[in-house]
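A.B. asks: Predicted coordinates and the sequence they were generated for:
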4 protein chains.
Amino acid sequence: MINFASDNASGAHARVLEALTRANGGCARAYGDDACTAAADAAFARLFGDDIAVFYVINGTGANVLGLKSLVRSYHAVICSEMGHINVDEPGAPEAAIGCKLLTVASANGKITPEQVLPLLAAQGVVHHSQPKVISITQATEFGEAYTPDEVRALAELAHANGMYLHMDGARLANAVAYLGCDVNAVTRDAGVDVLSFGGTKNGMLFGEAVVFFNASAYSDIHEAFPYLRKQNLQLLSKMRFVSCQFETMLEDGFWLQSAAHANAMADRLARGLAAIDGVSVVNRVEANEIFAAMPPAMIEALQEQFYFYVWDAVRHEVRLVCSFDTTEAEVDALVAAARQLA
Amino acid sequence: MINFASDNASGAHARVLEALTRANGGCARAYGDDACTAAADAAFARLFGDDIAVFYVINGTGANVLGLKSLVRSYHAVICSEMGHINVDEPGAPEAAIGCKLLTVASANGKITPEQVLPLLAAQGVVHHSQPKVISITQATEFGEAYTPDEVRALAELAHANGMYLHMDGARLANAVAYLGCDVNAVTRDAGVDVLSFGGTKNGMLFGEAVVFFNASAYSDIHEAFPYLRKQNLQLLSKMRFVSCQFETMLEDGFWLQSAAHANAMADRLARGLAAIDGVSVVNRVEANEIFAAMPPAMIEALQEQFYFYVWDAVRHEVRLVCSFDTTEAEVDALVAAARQLA
Amino acid sequence: MINFASDNASGAHARVLEALTRANGGCARAYGDDACTAAADAAFARLFGDDIAVFYVINGTGANVLGLKSLVRSYHAVICSEMGHINVDEPGAPEAAIGCKLLTVASANGKITPEQVLPLLAAQGVVHHSQPKVISITQATEFGEAYTPDEVRALAELAHANGMYLHMDGARLANAVAYLGCDVNAVTRDAGVDVLSFGGTKNGMLFGEAVVFFNASAYSDIHEAFPYLRKQNLQLLSKMRFVSCQFETMLEDGFWLQSAAHANAMADRLARGLAAIDGVSVVNRVEANEIFAAMPPAMIEALQEQFYFYVWDAVRHEVRLVCSFDTTEAEVDALVAAARQLA
Amino acid sequence: MINFASDNASGAHARVLEALTRANGGCARAYGDDACTAAADAAFARLFGDDIAVFYVINGTGANVLGLKSLVRSYHAVICSEMGHINVDEPGAPEAAIGCKLLTVASANGKITPEQVLPLLAAQGVVHHSQPKVISITQATEFGEAYTPDEVRALAELAHANGMYLHMDGARLANAVAYLGCDVNAVTRDAGVDVLSFGGTKNGMLFGEAVVFFNASAYSDIHEAFPYLRKQNLQLLSKMRFVSCQFETMLEDGFWLQSAAHANAMADRLARGLAAIDGVSVVNRVEANEIFAAMPPAMIEALQEQFYFYVWDAVRHEVRLVCSFDTTEAEVDALVAAARQLA
């Protein structure tokens, strides 16, 4: 079976495994007081500049939950797209681990806009309602599209004007930045993002994500609170170097962006191939590594015998196809050829 | 610096890294529906027999919290030693993630007895008090001693006679079993343990623990509930094969016990060496891989320049020395020699 | 200022205060082991029949949270109307106190239908999603309409067919039953409701609600668990007789329904009066004690100088007017007259 | 049966019921925006001075949980006596509702000292341990003794010197102040207490407690956060006037202290009477309204046929006898006479 199901059905880059092997030499202080972690911290500082706080965690749900938990109390609310991973795919983790409510807005492509968020702010100051405190967006969205710097900035300005924060779930940030072709800061820090989940797993790491706080000195207690929250919420790895060494190698020479650019290129090739087939239509703007395509039910069924992927919308016969760092042109072409033959 | 600080300041076995490299070939379904996980499941079934449920998690706190959360509701209490890792070293994770109370009993060596537990059961049935529902013990204890099968059985019988469960934190189960020389079942399943945290990290894995439910069919909903609890509590790795492949290789040919036996042997060698030195006394029964030794403050200070270890009790000048799978005879002898010279 | 703001801006029935005074004679065992509570239990048993479990709590949020918490674990979801009090007006209490997610469906009048619920059940069995476990409806709805027995039964059948429960928030159950003219069981127990919040505060009590479990013996542990959950979640009154004595008197001779019927009659009178005024339109079906009416902004502003009520929808210029057990015909007529004059 | 079981087995003062009846006249804005609440606020300001924040809640567990929740996050710890009500008698409410850990110190009489607290502060700054943030004491203690102003101040100074708060559970504050004969501020605000649970229920109210923050402007967000926390944690009464009117009448003319002084006087009379009986010994210092007395098992058994009270320590044959605002000299003398006859 050829994988188009998810970027987390892929393994890891060979160079990530090599980094792991190097990090394994001898002992190291546990819980992050080690050379690998210091090197990863330095790499993030080179990427994002001064006054940031970076914390390594284990998985994407952990990154989102802890980033958000640092910003809110239980009576606050987090505003997000109804399609948001934090709303749909973390079976109640924000509610259970933070105790707060998610307020969702409808979204066709995973993006939300200030116009959608604004009416929800009417709840501010009313004791009967959860208090909006964070806007959380996913970059690239769950529908494979990328927020532009302007779109991010508009949400940040709305948030900050109302005493709120902007959180970005960047599980696929690399894909978005590779698509946008801008500096990563342009669409994060400089656009007003306060806290970022910087993805690793879906970009070719074995596991591991980073939570990045921008302008960290503006938070009175993040540096104090986060380590305890991380440990208490089960996201502290004792042999921490095995997370941080992966980030160190990913951030070297822009490798994290090259990895994502490859996945994007494969998605683009796949989208073009599919779009040319009668009866198949690509329904999202393919800006990252995900394609959503409508195709005849019989074609879906036949393709699933050879390829591993998910039906996204059973009613509209739409499938989701995800390309990864290790997707090859041959694999893409095989899928296109198979689809063409079935058309 | 030579590491005697903790078994989690060590790295991982070379063969664990090799397993990881092997597991990395190609794609695999995410979240545990993969061949490595099936193989690890089979290995656990060979070890413990039928009717078990095994779930792979990421770290020790996760294993304990999820094992316990499967057994209790928020108004229940977990009885443990005041020295218990769940009480002392998981900054409130059981309280925050489960919402339940820990009831502690005093302990000099980390063990607790039925006689100590019994008075706490008077709270059962009284609406004003948290309801004791689980006895949780650590094997080997945080003081480096091993419960015998009889000691475990006595606690299990008390628990079961009172509608309670027996939970074992087995972060260092391998060391205890290697010391006892018995079959692992003799001190777990056959002794009445209901749920076991089966340690990996401290025994030479990169990370990863397993939660094992014995007689799983007796629980109406463990198989249903645990996967959701694991995901919601941030302990599900998407690329699950990278946890399970490590267990697969550890369980092969009893390698997990060989690894622990080596650490134990080093601890024994170290204890004998230190005990022979004037002014040094080993204060615990060295049954696993940890030594607790009282020594003159000046000796502690001087040793810490060369060796990495913790002062356990600053008032009584007791240090904790932990041996690991990769501790060498030369390292042990170097510490003993240094201490002898300082005496 | 004349109150049309809410039924909880009213005080209490004189006969409720008399009951309180009677209950105050001498000492009584605390926490519910008293004669008043036994009498209230008996009154509920006469109302609802055998095999029920009744627990007295303090407020409506408490009744809903505890009823739901008895039915779900943190990874479950509760399906409700987006207008539901549990979703909108309890600032995250279900999320914080239970840890579970609410899944909402759109609703114009506060009612939800099986057709709306069905698509959400696709999440059942998928580890990435919160698991639907309860359908929660409000009777009468937040928009002042009453579910018919058939409407309730249809939801109960869907719930039960999918391993779920039906919960009813009956803060205004009395108003719904008074409108429907049926036996209370026809629209609760006999229609398949599993757990009911039986309202007191909004029907002329000082405070106090009851949580009623139907077919209580079907729950293995409600009788065991609820008292602990109630105490732990801050809803146990030590001088319990002061809650239960109020229910005892309310249930006597159908007084609870007479009280609600009066409020309904006042709402009906008010609705008829307003509907006859040019430029005013009543936008809900006035089936309980709430009227939602659109009127010119200038009229709203002028009325608010004499009458205490809320603007429900500022964009559509809709106000909410609530009648209570102590609303008088003169008060109703005064509002209608004032509106007519302003028209 | 004559009540010596608890002050919450008593009813309420007649004048409290009269206040309730007065408050019941007509409508009032719900949730605290009413004249009774404003009057109670003013009464508290007269008692405690400027810059306080007072919030009315429903029961003692609610007052403690919300006071503490305002001060801590989940990774913090609250230090208290092992006998503390928050530790023993609120089945895990602090753990469940706050998510934090309680760290207990042994106590013979319910008091704790700076010397006992100090060693626990070694955990500060260590990521593996819950972080001590509050010292919580009970005034009068669960063993019926009163902290002196100096004892309170010593704990406050230790707390403040270590970045911590001092919380006082004053469910029986009135009894302590009546005993000490000092101004209430001397043993609360002026002694360094930060947050106080001001008891009502045990001092002759139907229900209701107040949470008082001293120097409220020092907290950045108490005024913002508490109302949401109160509502979310099920402690907001919609018809709030029925709580606040009780406090208004209790605080009038020092009535709250007169009520407690009577209970204390009855306890003193009872203690003197019992102490004079052969075979009976009073084991606590009777400084409030509770007596702990050792007596022969046969005497206990015989007394329980006529009098309602609890055995406190079954091993040492100690009973707890509580006097209340409505305990009469005749009742006290009847118990003493019965005991003397049984001796």
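C.D. replies: Cool, got the structure.

A.B. asks: Just the strands from chain A, written as ranges.
C.D. replies: For chain A, the strands defined by DSSP state E cover A:2-3, A:53-57, A:76-81, A:101-105, A:131-138, A:165-170, A:195-198, A:209-213, A:281-282, A:290-294, A:307-308, A:310-313, A:318-322.

A.B. asks: Using CSV, lay out the ones you listed together with mean pLDDT and distance to residue A:17.
C.D. replies: Yep, even glycine has a C-beta here, placed from its N, CA and C like the rest. Formatted as CSV, the strands of chain A follow (pLDDT from 0 to 100; distance: least, C-beta to C-beta, whole Å):
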stretch, mean pLDDT, distance to residue A:17
strand A:2-3, 94, 18
strand A:53-57, 97, 18
strand A:76-81, 98, 35
strand A:101-105, 97, 37
strand A:131-138, 98, 28
strand A:165-170, 98, 23
strand A:195-198, 98, 21
strand A:209-213, 98, 18
strand A:281-282, 98, 34
strand A:290-294, 98, 26
strand A:307-308, 96, 23
strand A:310-313, 95, 27
strand A:318-322, 98, 22
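
A.B. asks: Of the ones you listed, give the one that comes closest to chain B.
C.D. replies: Chain B lies closest to strand A:2-3 among the strands of chain A, at 3.6 Å (C-beta to the nearest C-beta).

A.B. asks: Give me the distance from the closest one to the chain's centre.
C.D. replies: Distance of strand A:2-3 from its chain centroid, counting by C-alpha atoms, centre = their mean, to the nearest Å, is 21 Å.

A.B. asks: which residues are contacting that strand?
C.D. replies: A:9, A:10, A:306, A:307, A:308, A:324, A:327, A:331, A:334, A:335, B:27 (C-beta atoms under 8 Å, 6 or more residues apart in numbering or on different chains).

A.B. asks: What is the nearest of those residues to chain C?
C.D. replies: Among these, residue A:9 lies closest to chain C (C-beta to the nearest C-beta), at 14.1 Å.

A.B. asks: Quick check: pLDDT value at that closest one.
C.D. replies: Residue A:9 is assigned 94 on the pLDDT scale.

A.B. asks: can you give me the helices in the stretch 201-343 of chain A?
C.D. replies: A:222-232, A:241-251, A:255-275, A:297-303, A:329-342 (DSSP state H, counting those that start in this stretch).

A.B. asks: can you put those in CSV and add mean pLDDT and mean neighbour count?
C.D. replies: Below are those laid out as CSV (pLDDT from 0 to 100; neighbours: other C-beta atoms under 10 Å in any protein chain shown):
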stretch, mean pLDDT, mean neighbour count
helix A:222-232, 91, 21
helix A:241-251, 98, 26
helix A:255-275, 98, 21
helix A:297-303, 98, 15
helix A:329-342, 98, 16
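
A.B. asks: Go through these and name the closest to chain C.
C.D. replies: helix A:222-232 (15.1 Å).

A.B. asks: How is chain A partitioned into domains?
C.D. replies: Per the record, chain A has its domains at A:2-7+A:255-342, A:14-253, by automatic domain parsing.

A.B. asks: Pull the number of nearby residues for residue A:181.
C.D. replies: 9 (other C-beta atoms under 10 Å in any protein chain shown).

A.B. asks: Ok, residue A:221 next?
C.D. replies: Close neighbours of residue A:221, defined as other C-beta under 10 Å, add up to 9.

A.B. asks: Look up how far residue A:337 lies from it.
C.D. replies: Separation of residue A:221 from residue A:337 (C-beta to C-beta, to the nearest Å): 57 Å.

A.B. asks: What of residue A:214?
C.D. replies: Counting by C-beta to C-beta - residue A:214 and residue A:337 are separated by 46 Å.

A.B. asks: Can you check what pLDDT the model gives the residue nearest in space to the middle of chain A?
C.D. replies: Nearest residue to the geometric centre of chain A (C-alpha atoms, centre = their mean): residue A:171, 1.6 Å. Residue A:171 carries a pLDDT value of 98.

A.B. asks: Surely it is in contact with residue A:196?
C.D. replies: No: if you go by C-beta atoms under 8 Å, residue A:171 and residue A:196 don't touch, sitting 10.6 Å apart.

A.B. asks: Contacts only, for the spatially closest residue to residue A:35 that is not a sequence neighbour.
C.D. replies: Counting by C-beta to C-beta, 6 or more residues apart in numbering or on different chains, residue A:35 lies nearest to residue A:28, which is 6.9 Å off, once chain neighbours are set aside. In this structure, residue A:28 makes contact with A:34, A:35, A:36, A:239, A:241, B:9, B:11, judged by C-beta under 8 Å, 6+ apart.

A.B. asks: Pick out the residue of the stretch 201-343 of chain A closest to chain B.
C.D. replies: residue A:238 (3.9 Å).

A.B. asks: Could you give the number of residues near that residue?
C.D. replies: 19.

A.B. asks: Regarding the closest residue to it other than its chain neighbours, what are the backbone dihedral angles?
C.D. replies: Once flanking residues are discounted, residue A:238 sits nearest to residue B:8: 3.9 Å by C-beta to C-beta, 6+ apart. When read as degrees, to the nearest 10, the backbone of residue B:8 gives phi -100, psi 10.

A.B. asks: Correct me if wrong: residue B:8 contacts residue B:204.
C.D. replies: No: the pair residue B:8 / residue B:204 is not scored as a contact, 10.2 Å apart, by C-beta under 8 Å.

A.B. asks: who has more neighbours, the two?
C.D. replies: Neighbour totals were compared for residue B:8 and residue B:204, and residue B:204 leads with 27 against 24 (other C-beta under 10 Å).

A.B. asks: ok, back up a step: now the contacts of strand A:2-3: which count as buried?
C.D. replies: A:9, A:10, A:307, A:308, A:324, A:327, A:331, A:335, B:27 (16 or more other C-beta atoms under 10 Å in any protein chain shown).

A.B. asks: isn't the second one right up against residue A:204?
C.D. replies: Yes: checked against C-beta under 8 Å, the pair residue A:10 and residue A:204 is within contact range at 7.0 Å.

A.B. asks: any common contacting residues for the two?
C.D. replies: Common neighbours of residue A:10 and residue A:204 (C-beta under 8 Å, 6+ apart) are A:324, A:325, A:326.

A.B. asks: For the residues you listed, give me TSV that also has distance to chain C and pLDDT.
C.D. replies: Formatted as TSV, the shared contacts of residue A:10 and residue A:204 follow (distance: C-beta to the nearest C-beta, whole Å; pLDDT from 0 to 100):
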residue	distance to chain C	pLDDT
A:324	19	97
A:325	23	97
A:326	23	96
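
A.B. asks: Around chain D, pick out the residues from the stretch 151-300 of chain A.
C.D. replies: Contact residues (C-beta under 8 Å from any C-beta of the partner chain) of the stretch 151-300 of chain A with chain D: A:225, A:227, A:228, A:229, A:231, A:232, A:236.

A.B. asks: from these, which is closest to chain D?
C.D. replies: Closest to chain D, out of all of those and judged by C-beta to the nearest C-beta, is residue A:228, at 3.6 Å.

A.B. asks: out of the shared contacts of residue A:10 and residue A:204, which touch chain B?
C.D. replies: Counting by C-beta under 8 Å from any C-beta, residue A:326 from the shared contacts of residue A:10 and residue A:204 sit close to chain B.

A.B. asks: Out of the shared contacts of residue A:10 and residue A:204, which comes closest to chain D?
C.D. replies: Nearest to chain D among the shared contacts of residue A:10 and residue A:204, counting by C-beta to the nearest C-beta, is residue A:325 at 33.5 Å.

A.B. asks: For that closest one, give me its contacts.
C.D. replies: A:7, A:10, A:13, A:203, A:204, A:259, A:260, A:262, A:263.

A.B. asks: Check what pLDDT residue A:26 gets.
C.D. replies: 84.

A.B. asks: Burial check on it, number of neighbours?
C.D. replies: For residue A:26, the neighbour count with other C-beta under 10 Å is 12.

A.B. asks: What sits closest to it if chain neighbours are left out?
C.D. replies: Per C-beta to C-beta, 6+ apart, closest to residue A:26 is residue B:11, 6.9 Å.
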